[in-house]
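In: Have a look; sequence and predicted model below, questions after that.
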Amino acid sequence: MGCAVGAAVVLTGWVLLERRRADPLVRPAMLADPRTLVPNLAGVMTGIGLFASFLAILQFVQTPPEVAGYGFGASVVEAAVVYLLPGGIAGVLLAPVAGQVVARVGALPTLLTGAASGLAGFLLLALLRDAAWQVVLAGLLTQLWATVAYAALPALVVSAVRPEETGVANAVNSIARSVGQAVGSTVTVAVLAAGLDPATGAPSAASFTAVALVGAGAAAAVVLLTAAGMTGRRSRGPDRLTDVERATAAAGEWSPVSGLR
């Protein structure tokens, strides 16, 4: 609680300082612009979903079923290779294509599609996880959400700010994603820890359902944000990506989850 209050005080002081500067490092009006709020909030939500999926799946599949009544008793290597690597490979193949899709159909429709994939993956993880293929598919869908989102977000940021602000705006969006990842990690660990069964020392099955619903909520929030952005923005044709943004879209920023870089 104290950290949150301290962060709020620092943030408020920083905004007030930047508003008084003739040439601010980050223009506060830019951060308040709905066109930048959509990708920044979507970045936070995507980061939450990314690490909620990553941590929940790793914990779930490594749990011995004879102890907790669920899980597959996978080793660390098996958990990474069997349950996470398929999403990593799909990301490697999709990331370069995702940037081209953004250029053709626009960033908002692409982001909406990615969030819908994440929503489907988390609902699958919440409802069906008795078979290994179900967990693999859930992980694949949630990782594809991050791959597609991280291709679409830079284009949204670039189209919303002045040319000289693209670097700062993309840095802010990257911070938003990192904040989401930190929040997703913290919430996931807290929920699983709160659901520990003293008899087995493992989280209850309901704890994993709760984490999956948190991820589903984050994906649903991105769906709603994107739909609102599409409604409020006039049709203006596909978003144009600069060479730098094409490189960012193809860089595979999902790699911390897959373990590939």
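Out: Yep, that arrived. Here the structure is a predicted model, which means the values were calculated and not measured.
In: On the three-state scheme, the residue nearest to E165 when sequence neighbours are not counted is what?
Out: Of all residues beyond its chain neighbours, the one nearest E165 is M30 (6.2 Å), with distances taken as C-beta to C-beta, 6 or more residues apart in numbering. In short, each C-beta sits where N, CA and C put it, glycine included. Counting by DSSP: H, G, I helix; E, B strand; the rest coil, the backbone at M30 sits in helix.
In: Burial check on M30, number of neighbours?
Out: Using other C-beta atoms under 10 Å, M30 is surrounded by 18 other residues.
In: now G13
Out: Taking other C-beta under 10 Å as the neighbour definition, G13 ends up with a count of 10.
In: element containing it?
Out: If you go by DSSP states H and E, G13 is part of helix 2-20.
In: So the residue nearest to E165 is in contact with V161, correct?
Out: Yes - with contact defined as C-beta atoms under 8 Å, M30 and V161 form a contacting pair (5.9 Å).
In: Look at the residue positioned nearest the centre of the chain and report its pLDDT.
Out: For the chain, T46 is the residue whose C-alpha lies nearest the centre (C-alpha atoms, centre = their mean; 1.9 Å). With respect to pLDDT, T46 scores 97.
In: Quick one: classify it as helix, strand or coil.
Out: Per three-state DSSP, T46 ends up helix.
In: circling back to that earlier point, which residues are in contact with each of M30 and V161?
Out: 36, 169 (C-beta atoms under 8 Å, 6 or more residues apart in numbering).
In: Pretty sure P198 sits in a helix.
Out: No - looking at P198 with three-state DSSP, it is coil, so not inside a helix.
In: could you give me the average pLDDT of the helix holding G13?
Out: For helix 2-20, mean pLDDT is 62.
In: Need the pLDDT of the residue nearest to E165.
Out: Taking M30 on its own, its pLDDT is 74.
In: do you know how far it is from A205?
Out: Plainly put, M30 is 45 Å away from A205 if you go by C-beta to C-beta, to the nearest Å.
In: What ranges in this protein fall below the confidence cut-off?
Out: Along the chain, the parts satisfying pLDDT under 70 run over 1-11, 14-26, 29, 232-261.
In: if we go to 50?
Out: 234-240, 245, 248-261 (pLDDT under 50).
In: How many residues are close by S53?
Out: Around S53 there are 32 other residues, counting by other C-beta under 10 Å.
In: OK, contacts around it?
Out: Contacts of S53 by C-beta under 8 Å, 6+ apart are 121-122, 125, 138-139, 142-143, 215, 257.
In: Try it again at 6 Å.
Out: Taking C-beta atoms under 6 Å, 6 or more residues apart in numbering, we find S53 in contact with 142, 215.
In: Flag every buried residue along the helix or strand harbouring it.
Out: Assessed by DSSP H and E, S53 sits inside helix 34-62. Using 16 or more other C-beta atoms under 10 Å as the burial criterion, the residues of helix 34-62 that qualify are 36, 38-40, 42-62.
In: Just the element for the nearest residue to the residue nearest to the centre of the chain once chain neighbours are set aside, please.
Out: Nearest non-adjacent residue to T46, counting by C-beta to C-beta, 6+ apart: A149, 4.5 Å away. Using DSSP H and E, A149 sits within helix 132-160.
In: one step back: what does whichever helix or strand comes after the helix holding S53 contact?
Out: Counting by DSSP H and E, the next helix or strand C-terminal to helix 34-62 is helix 65-68. Residues outside helix 65-68 that contact it (C-beta under 6 Å, 6+ apart) are 71, 200, 202.
In: if we go to 8 Å?
Out: 71-73, 197, 200-203, 205.
In: ok, so of the residues you listed, who is nearest V223?
Out: Checking these against V223 with C-beta to C-beta, the nearest one is A205 at 26.8 Å.
In: and the closest one, what is it in contact with?
Out: 68-70.
In: how near is it to G73?
Out: Taking C-beta to C-beta, one finds A205 at 15 Å from G73.
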